[in-house]
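Asker: Pasting the sequence and the predicted model now:
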Amino acid sequence: MAGHSKWAQIKRKKAVNDQRRGKLFTRLIKEISIAAREGGGDPEGNPRLRLAIQTAKDANMPQDNINRAIRRGTGELPGMQYEEIVYEVYSPGCVAILMESVTDNRNRTVAELRHLLTKNNGRLGEAGSVAWMFTKRGNIRVPTGKIEEDELLHVVIEAGADDMQPTDDYYDITTSLENFEKVKQSLAEKNIPVDSAELRMEPTSNVRVEGKEAEQVIKLIEALDEHDDVQNVYANFEIDDAVFEKLAQDN
């Protein structure tokens, strides 16, 4: 899928910068608190919390921070009361954007996001106008150089993965929601290192954009992703890698 591998690399580099300035921890704390509130504070019986805790540990979050986030979510400690909101957006070129946010002030968040959209040629869609174009999938990344491609492919397919695609830095493994934990467990049992494992919304089809519109799409997505209340941004674009190279040179 042209452009998406390059976007994934940009996101990975951005995650490192987010971690350095503490923004990653803020997002993870929100996710842990929400997961604990919705499904209870025991990760053994709460898959969402279990995944959030593992992601936080992978980012080297101190255990005390994790425990406090869980206790705030379950109400054992006072703290911010977060609300999850999904926004559905159309960008230039009719690209669909699904944006997951967590906020303690709905009115503030929507006002700030509307400002960003107006500034970057996007617009909010009605509820349901975009969500139907996405489906929740599991995504696992295994670093290249740690295992032969054929061996890894055999392991993950046997465990129930749907697909595996190699990139320069990692093997990109896709699973159904139902088989996500099974594939993760199979990798762990065989001591295969995992760079990241997450549930995310995948587009069921893509819209190709070029030239000026392609640049506008990327700038809008980056602006939304930078907002403190935005947890995840998903889009159904197809853009040539050359556009990303040009934006990198311009910046």
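Answerer: That came through fine.
Asker: Tell me where the stretch 1-150 of the chain has strands.
Answerer: 83-91, 95-103, 123-124, 134-143 (DSSP state E, counting those that start in this stretch).
Asker: Using the record's assignment, carve the protein into domains.
Answerer: For the chain, automatic domain parsing gives the domain ranges 16-74, 83-132+204-246, 133-203.
Asker: Tabulate those domains in TSV, adding columns for mean pLDDT and mean neighbour count.
Answerer: From N, CA and C alone the C-beta is placed, and that goes for glycine too. Below are the domains of the chain laid out as TSV (pLDDT from 0 to 100; neighbours: other CB atoms under 10 Å):
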stretch	mean pLDDT	mean neighbour count
domain 16-74	88	17
domain 83-132+204-246	91	17
domain 133-203	93	16
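Asker: which residue ranges form the helices in the stretch 51-200 of the chain?
Answerer: Taking DSSP state H, counting those that start in this stretch, the helices of the stretch 51-200 of the chain run over residues 63-74, 106-119, 149-159, 180-189.
Asker: Show residues contacting the first one.
Answerer: The one in question is helix 63-74. With contacts defined as CB atoms under 8 Å, 6 or more residues apart in numbering, helix 63-74 is touched by 25, 28-29, 32-37, 40-41, 49, 53, 56-57, 77-80.
Asker: switch the cut-off to 10 Å
Answerer: 25, 28-43, 46, 49, 52-53, 56-57, 61-62, 76-82 (CB atoms under 10 Å, 6 or more residues apart in numbering).
Asker: ditto for the last one
Answerer: Identification of contacts with helix 180-189 by CB under 10 Å, 6+ apart yields 47, 50-51, 54, 136-140, 142, 147, 152, 155-162, 173-176, 179, 192-194, 197-199.
Asker: now the second one
Answerer: The contact list for helix 106-119 (CB under 10 Å, 6+ apart) reads 83, 85, 87, 89-91, 97, 99, 101-103, 105, 122-124, 219-220, 223-224, 226-230.
Asker: surely Asn120 meets Tyr90?
Answerer: No. With contact defined as CB atoms under 10 Å, Asn120 does not count as touching Tyr90 (11.8 Å).
Asker: And Gly93, how far from Glu126?
Answerer: Between Gly93 and Glu126 the distance is 19 Å, computed by CB to CB, to the nearest Å.
Asker: circling back to that earlier point, looking at the helices of the stretch 51-200 of the chain, which is nearest to Gly211?
Answerer: Of all the helices of the stretch 51-200 of the chain, it is helix 106-119 that lies closest to Gly211, at 20.1 Å by CB to CB.
Asker: and the closest one with strand 95-103, angle?
Answerer: 150 degrees (axes from the mean of the first three to the mean of the last three CA atoms, to 10 degrees).
Asker: orientation of helix 106-119 relative to strand 83-91 in degrees?
Answerer: Using the same axes, to 10 degrees: helix 106-119 against strand 83-91 is 10 degrees.
Asker: how close does the residue of the chain most remote from its centre get to Asn67?
Answerer: The C-alpha centroid of the chain is most remote from Glu76, which lies 28.3 Å away (CA atoms, centre = their mean). The gap separating Glu76 from Asn67 is 10 Å, by CB to CB.
Asker: what touches both of those two?
Answerer: Joint contacts of Glu76 and Asn67 (CB under 10 Å, 6+ apart) are Gly41.
Asker: related to what we said a few turns ago, and the residue farthest from the centre of the chain, what is it in contact with?
Answerer: Ala36, Gly41, Asn67, Arg68, Ile70.
Asker: which phi and psi does Asn232 have?
Answerer: Asn232 adopts backbone torsions of phi -150, psi 150, taken as degrees, to the nearest 10.
Asker: Okay, and the beta partners of it?
Answerer: Glu100 (DSSP bridges).
Asker: and the gap between it and Glu215?
Answerer: 22 Å.
Asker: Would you check that Asp195 makes contact with Asp58?
Answerer: Yes. Distance between Asp195 and Asp58: 8.7 Å, which falls inside the contact criterion (CB under 10 Å).
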